[in-house]
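**Student:** A structural model of the following input is requested.
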Amino acid sequence: EIWKNTSEVKLKDLATDGYNALTKIIGDKRKIDGTFTTPDQDHEGDHSTKPFKYTPPVVVKLPINMPMVAGFTTSSGKAKGLVIHSTEGRIGGKDQATNVLSYLASQGYGCLVMDESGIIYYGDKGINARGAHAGSGKWNGISNGNSVMFGIEVCSPGQVFKKADGYYYDGGGKIPENLVPRIRYGGVEYGTPGYYMAFSEAQEESLLNFCLWQLATNPEFKIENVCGHHEYRPGNKSDPGHALSYTMPQFRAKVLELSKIV
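**Tutor:** Modelled structure (predicted):
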């Protein structure tokens, strides 16, 4: 109501910030003008040129017993980098993120999980807890990624597969028609060439904000230690691929650019 009834720019901006903070918590997908957006309307296209504003990410603890150990194996106990994953599963909010965390725990894995609205969830061992997520690989001289790097699983179909009658999830099942506009082709510059469903704009902003938040609060964290799973395990993993608007070198460059102005 404040946003609609004021012409003062600063007050309008404050109302927008308040609205965005509340909708991150409750998962509402209405625009600021009150209209509702469908997933294809809200997220179609390239998010990399959208205006960006830094806000610390929303991180939420869930009472899930994760097979993790508190503290990374660094001098500070904090992570020195980040591996970006996608779940190759369904889109969803807190319930989907909870299901993913529970599934990871049941399989002996442990990391952070981000839902469709960009909220990040972690289990009972804390946000700075290490667990299996990266597998055997190497990036920027780091070969023990599980021990020193965050892993974030982004709730997303990630790579999808085109058939004569439409697009399909990696694990089978046809992509609903209303989500098809979010599918785009990514070439070798994104890792594994193929079709990917775009992360939501909120998810991309949250990934950028998470990196900026770590740079601001964690001296251990380095931009050059942020990588895609496909970079850590080339030829074996495809995530995030072109689910992310940016190639990974572009994403690191964007974090560096933003780190100088926030």
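**Student:** helix/strand/coil for the nearest residue to Thr247 once chain neighbours are set aside?
**Tutor:** Leaving out its chain neighbours, the residue that sits closest to Thr247 by Cβ to Cβ, 6 or more residues apart in numbering is Glu189, at 5.1 Å. All C-beta spots, glycine's among them, are computed from the backbone N, C-alpha and C. Assigned by DSSP: H, G, I helix; E, B strand; the rest coil, the conformation of Glu189 is helix.
**Student:** pLDDT weak spots in the stretch 1-150 of the chain?
**Tutor:** 4, 19-45 (pLDDT under 70).
**Student:** now the strands for it?
**Tutor:** Counting by DSSP state E, counting those that start in this stretch, the stretch 1-150 of the chain has strands at residues 59-61, 69-70, 81-86, 112-114, 120-122, 129-130, 149-154.
**Student:** To Gly166, which of those strands lies closest?
**Tutor:** Taking Cβ to Cβ, strand 81-86 is the member of the strands of the stretch 1-150 of the chain nearest to Gly166, at 20.1 Å.
**Student:** Mind giving me the packing neighbours of that closest one?
**Tutor:** Counting by 3 or more Cβ pairs under 8 Å, 6 or more residues apart in numbering; DSSP states H and E, the packing neighbours recorded for strand 81-86 are helix 145-148, strand 149-154, helix 201-217, strand 226-228, helix 229-232.
**Student:** Got the confidence number for the residue nearest to Thr247?
**Tutor:** The per-residue pLDDT reported for Glu189 equals 96.
**Student:** Turn the helices and strands packed on strand 81-86 into a markdown table, columns for distance to Tyr54.
**Tutor:** As requested, the helices and strands packed on strand 81-86 are arranged in a markdown table below (distance: least, Cβ to Cβ, whole Å):
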| stretch | distance to Tyr54 |
| --- | --- |
| helix 145-148 | 25 |
| strand 149-154 | 18 |
| helix 201-217 | 5 |
| strand 226-228 | 16 |
| helix 229-232 | 25 |
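**Student:** So which of those is nearest Tyr121?
**Tutor:** Closest of those to Tyr121 is strand 149-154, at 9.7 Å (criterion: Cβ to Cβ).
**Student:** Show me what secondary structure element comes after that closest one.
**Tutor:** Using DSSP states H and E, the next helix or strand after strand 149-154 towards the C-terminus is strand 159-163.
**Student:** helices and strands around the helix or strand just after that following strand, which ones?
**Tutor:** Under the assignment DSSP H and E, the closest C-terminal helix or strand after strand 159-163 is strand 166-168. Helices and strands touching strand 166-168, as assessed by 3+ Cβ pairs under 8 Å, 6+ apart, comprise strand 159-163.
**Student:** relative to strand 81-86, how tilted is the strand it packs on?
**Tutor:** Comparing the axes of strand 159-163 and strand 81-86 via axes from the mean of the first three to the mean of the last three Cα atoms, to 10 degrees yields an angle of 30 degrees.
**Student:** Neighbouring strands of strand 159-163 in the sheet, and parallel or not?
**Tutor:** If you go by DSSP bridges, strand 159-163 pairs up with strand 166-168 (antiparallel), strand 194-197 (antiparallel).
**Student:** And the strands of the stretch 1-150 of the chain: which comes nearest Cys211?
**Tutor:** strand 81-86 (6.7 Å).
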